[in-house]
Each structure stands twice: as structure tokens, then as C-alpha cells.
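**Q** Let's see this in three dimensions:
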Amino acid sequence: MRILVVDDNGKLLVGIKRELEEAGHEVEIFDYGMELIQRLKNNPDCDAVVTDKNMPGMDGFEVIEAIRKEKRFAELPIIMHSSEPGLRRLVENAGALYAEKEFPYENLLAVLKTVEKKV
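**A** Below is the predicted model of the structure:
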């Protein structure tokens, strides 16, 4: 799968990229939500988006909202990857999936496997 990942923590972003690539995915990484949104608008070729919650400028919920505003992305799987407790219901109500942030990234990989079956 081609996955776009946004997180403002550079070290974590590189770790996620490495882990997802080792699992066989193509990965593009972004430091800011707006960069990811622009990439999607210019080139919608991707199978899933992974976003952090807390980022400067545009948080994860704003990323989800901006993506969902575009009808062509209504079915695009979006996963919020966060260590903040109690987010699952809020994330699901926003039209996305939730994966608890941990190392190694087993939760994220498990959620991506469910997405991969649908793509």
C-alpha cells in the first residue's frame, strides 16, 4: 500500500517510515498537515493516511476534516496514531481509525492490515 504519514516528531516519523517500509508499504512522510493536504490535492494516489494528533499549525482532527471535505477522499482510510488516551471514540466520530502510538508500531501495523484487506 502507498501510505502518507504526517507527524511533527522527526525521529518518530523516520521510525514509522522504516517500520512500514519493512512491512512492504510505500511511504511518504510529511512534517506538517498542510504539506500532506497539498500532496493529496496535487496527487491523490495513495491508499491510506496516518496522522498524529498534536501538531503545530494543523492538528490531526483538522487533517481529517480537510481530507473529508473532498468527496473524492470520502472512503480514503485515515488512521490517527496517538499516545493520548481516550481518543478512540472522537477519532471514529471524525471518520477515521485509531491506533495507539507505541514502539514497536504493532498497533499501527494491525490497523493497516485491516485497511489493506479492504483496499
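
**Q** residues contacting the residue most central in space within the chain?
**A** By CA atoms, centre = their mean, the chain has its centre lying nearest to V50, at 0.8 Å. Residues in contact with V50 (CB atoms under 8 Å, 6 or more residues apart in numbering) are I3, L4, V5, V6, D7, I16, I78, I79, M80, H81, A99, L108. C-beta coordinates here come from the backbone N, C-alpha and C atoms, glycine included.

**Q** and which of the residues you listed is nearest to G33?
**A** Distance to G33 across the contacts of V50 (CB to CB) is lowest for V6, with 5.5 Å.

**Q** In the beta-sheet assignment, what are the partners of the closest one?
**A** V6 has these beta-bridge partners by DSSP bridges: F30, T51.

**Q** Need the three-state assignment for R68.
**A** Following DSSP: H, G, I helix; E, B strand; the rest coil, R68 is assigned to helix.

**Q** Leaving out chain neighbours, which residue sits closest to it?
**A** Counting by CB to CB, 6 or more residues apart in numbering, R68 lies nearest to G95, which is 5.4 Å off, once chain neighbours are set aside.

**Q** ditto for E21
**A** E21 sits nearest to V27 (CB to CB, 6+ apart), 5.6 Å away.

**Q** And A48, by the same measure?
**A** Nearest residue to A48 in three dimensions, chain neighbours excluded: P77, at 4.4 Å (CB to CB, 6+ apart).

**Q** Next one: the one you found from R2, what distance?
**A** As judged by CB to CB, to the nearest Å, P77 and R2 stand 12 Å apart.

**Q** still on that earlier bit, isn't the residue nearest to R68 up against I64?
**A** Yes - contact status for G95 versus I64: in contact at 6.4 Å, counting by CB atoms under 8 Å.

**Q** okay, these two: which has more neighbours?
**A** I64 (21 against 14; other CB atoms under 10 Å).

**Q** give the contact list for that one.
**A** By CB under 8 Å, 6+ apart, the residues touching I64 are T51, I78, M80, V91, A94, G95, A96.

**Q** buried subset of those?
**A** Neighbour-count burial (16 or more other CB atoms under 10 Å) is assigned, among those, to T51, I78, M80, V91, A94, A96.
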